[in-house]
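Student: Sequence and predicted structure below; questions after.
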Amino acid sequence: GAVVSQHPSWVICKSGTSVKIECRSLDFQATTMFWYRQFPKQSLMLMATSNEGSKATYEQGVEKDKFLINHASLTLSTLTVTSAHPEDSSFYICSARTAGGEEDTEAFFGQGTRLTVV
Amino acid sequence: AQTVTQSQPEMSVQEAETVTLSCTYDTSESDYYLFWYKQPPSRQMILVIRQEAYKQQNATENRFSVNFQKAAKSFSLKISDSQLGDAAMYFCGYFGNEKLTFGTGTRLTIIP
């Protein structure tokens, strides 16, 4: 199956700083990437959908100026948490959807990033 | 807006027995995809099974099968011959209108 690599797997940062999380599709081209936030023992909340070369579409209630998403190429999307605060601490997961073919109907997930803001 | 509902927060099953996890969804679209993903303690999301809405035949993958009722907007997952390794959170997912959204999940415990 296709592989999605998410980096870093965990990060601790100071309040007020920014953190960048990378999501790479290693062996396929991802036209669409999804970013999720997951609180402990809860579901995956869709934050935004990004398509290569265009602006991300944010879900209602998600601050686009705080969670900057860039999808500059077909294999890389980044999520930057700007001016992080303790309430931003969470588990962030990316998912990539292939450009077409038999696997077009499947989304592949990264390993997730645990962000702790102190 | 599409919504996915999993009404069973927790389920348990005896090893080697069969268990069914329920999922319902709400959509106005006719073409979409449905998924069941498994999330073990590692938190890596693993695809269990998928179903295209235009296909009437229920999808099966070894011990995993679904009961897809399009008119009722129901998509349940049946796990046969449950194994200890099946213990995980199970999320029902809906892909349509370029979005992939999930239900609240069901925690499955396997009793040895």
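Tutor: Yep, that arrived. Values in this document were obtained by computation on a predicted structure and should not be read as measured data. Residues are numbered from 1 along each chain as shown, chains lettered A, B, ... in the order given.

Student: Give me the number of neighbouring residues for the residue nearest to residue A:65 when sequence neighbours are not counted.
Tutor: Leaving aside its sequence neighbours, residue A:65 sits nearest to residue A:82 (CB to CB, 6 or more residues apart in numbering or on different chains; 7.1 Å). For glycine as for every other residue, the C-beta is placed from the backbone atoms N, C-alpha and C. Look at residue A:82: counted by other CB atoms under 10 Å in any protein chain shown, it has 15 neighbours.

Student: Surely residue A:82 and residue A:68 touch.
Tutor: Yes - judged on CB atoms under 8 Å, residue A:82 makes contact with residue A:68 at a distance of 6.2 Å.

Student: Could you give the number of residues near the nearest residue to residue B:112 once chain neighbours are set aside?
Tutor: Once flanking residues are discounted, residue B:112 sits nearest to residue B:15: 5.4 Å by CB to CB, 6+ apart. Close neighbours of residue B:15, defined as other CB under 10 Å, add up to 13.

Student: Tell me who's in contact with residue B:15.
Tutor: B:82-84, B:110-112 (CB atoms under 8 Å, 6 or more residues apart in numbering or on different chains).

Student: Quick check: pLDDT value at it.
Tutor: Predicted confidence (pLDDT) for residue B:15: 98.

Student: all strands for the chain, in order.
Tutor: Here I'm looking at chain A. Remark: strands assigned in chain A by DSSP state E are A:4-7, A:10-13, A:19-25, A:30-38, A:44-51, A:57-58, A:67-73, A:76-81, A:90-98, A:107-109, A:113-117.

Student: My question was about chain B, not that one.
Tutor: B:3-5, B:10-14, B:19-21, B:24-26, B:33-39, B:46-52, B:60-61, B:64-69, B:74-79, B:88-96, B:99-102, B:106-111.

Student: could the ones you listed go into JSON lines alongside mean neighbour count and distance to residue A:109?
Tutor: Below are these laid out as JSON lines (neighbours: other CB atoms under 10 Å in any protein chain shown; distance: least, CB to CB, whole Å):
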{"stretch": "strand B:3-5", "mean neighbour count": "16", "distance to residue A:109": "17"}
{"stretch": "strand B:10-14", "mean neighbour count": "14", "distance to residue A:109": "23"}
{"stretch": "strand B:19-21", "mean neighbour count": "20", "distance to residue A:109": "19"}
{"stretch": "strand B:24-26", "mean neighbour count": "16", "distance to residue A:109": "20"}
{"stretch": "strand B:33-39", "mean neighbour count": "24", "distance to residue A:109": "8"}
{"stretch": "strand B:46-52", "mean neighbour count": "18", "distance to residue A:109": "8"}
{"stretch": "strand B:60-61", "mean neighbour count": "12", "distance to residue A:109": "18"}
{"stretch": "strand B:64-69", "mean neighbour count": "18", "distance to residue A:109": "18"}
{"stretch": "strand B:74-79", "mean neighbour count": "21", "distance to residue A:109": "18"}
{"stretch": "strand B:88-96", "mean neighbour count": "23", "distance to residue A:109": "11"}
{"stretch": "strand B:99-102", "mean neighbour count": "20", "distance to residue A:109": "10"}
{"stretch": "strand B:106-111", "mean neighbour count": "17", "distance to residue A:109": "18"}
